[in-house]
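In: build me a model:
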Amino acid sequence: MDPVLNHHLYEYEKGLRRLILHTALKSEAQAIAQRLARRGVACEVVPFGATRANVFFGDKTCVEVVRSFGKASLRDYTPEEDFILGIMLGYCRQK
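Out: Next comes the predicted model:
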C-alpha cells in the first residue's frame, strides 16, 4: 500500500490531525475507501480530472463538513470554505 497513505493513517490514528486530504489515482480510491471503512474511519472520495481523486478522511464531523460544501474541485471553494478546510487539515490559522 502507498507509504504516504500509511503515514496519513498513522497521523490520524495518533490524533495529530482530525482530517486528512489524500490525493490518489481514481483506480485506487475505492480500495482506499474500503480500507478506511474497515478501520471505522469516515471518508469522502471526490474525483477530479481524468485520473485523480481526493480522499478526505478522519473524524466523521469533519468529513461531513467537507461533504456539505458539495464541490467537485478545491478551486471552487469560497474563501470561507477554504479557510474552514485549512483549519480542519491543521494549517496555520494566521497564514
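
In: report the central residue of the protein.
Out: Phe56 (1.6 Å; CA atoms, centre = their mean).

In: what's the mean pLDDT across the helix or strand containing that residue?
Out: If you go by DSSP states H and E, Phe56 is part of strand 52-58. Taken as a whole, strand 52-58 has an average pLDDT of 97.

In: for that strand, name the packing helices and strands.
Out: Applying 3 or more CB pairs under 8 Å, 6 or more residues apart in numbering; DSSP states H and E, one finds that strand 52-58 makes contact with helix 3-13, strand 19-25, helix 26-38, strand 42-48, helix 60-69. No exception for glycine: its C-beta is placed from N, CA and C like everyone else's.

In: okay, those in a markdown table with distance to Thr78 next?
Out: What follows is the helices and strands packed on strand 52-58, written out as a markdown table (distance: least, CB to CB, whole Å):
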| stretch | distance to Thr78 |
| --- | --- |
| helix 3-13 | 26 |
| strand 19-25 | 17 |
| helix 26-38 | 25 |
| strand 42-48 | 16 |
| helix 60-69 | 9 |
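
In: report the contact partners of the closest residue in space to Val66 that isn't next to it in sequence.
Out: Residue nearest to Val66 in three dimensions, not counting chain neighbours: Phe56, with 4.7 Å by CB to CB, 6 or more residues apart in numbering. Contacts for Phe56 (CB atoms under 8 Å, 6 or more residues apart in numbering) come out as Leu19, Ile20, Leu21, His22, Cys43, Glu44, Val46, Cys62, Val63, Val66.
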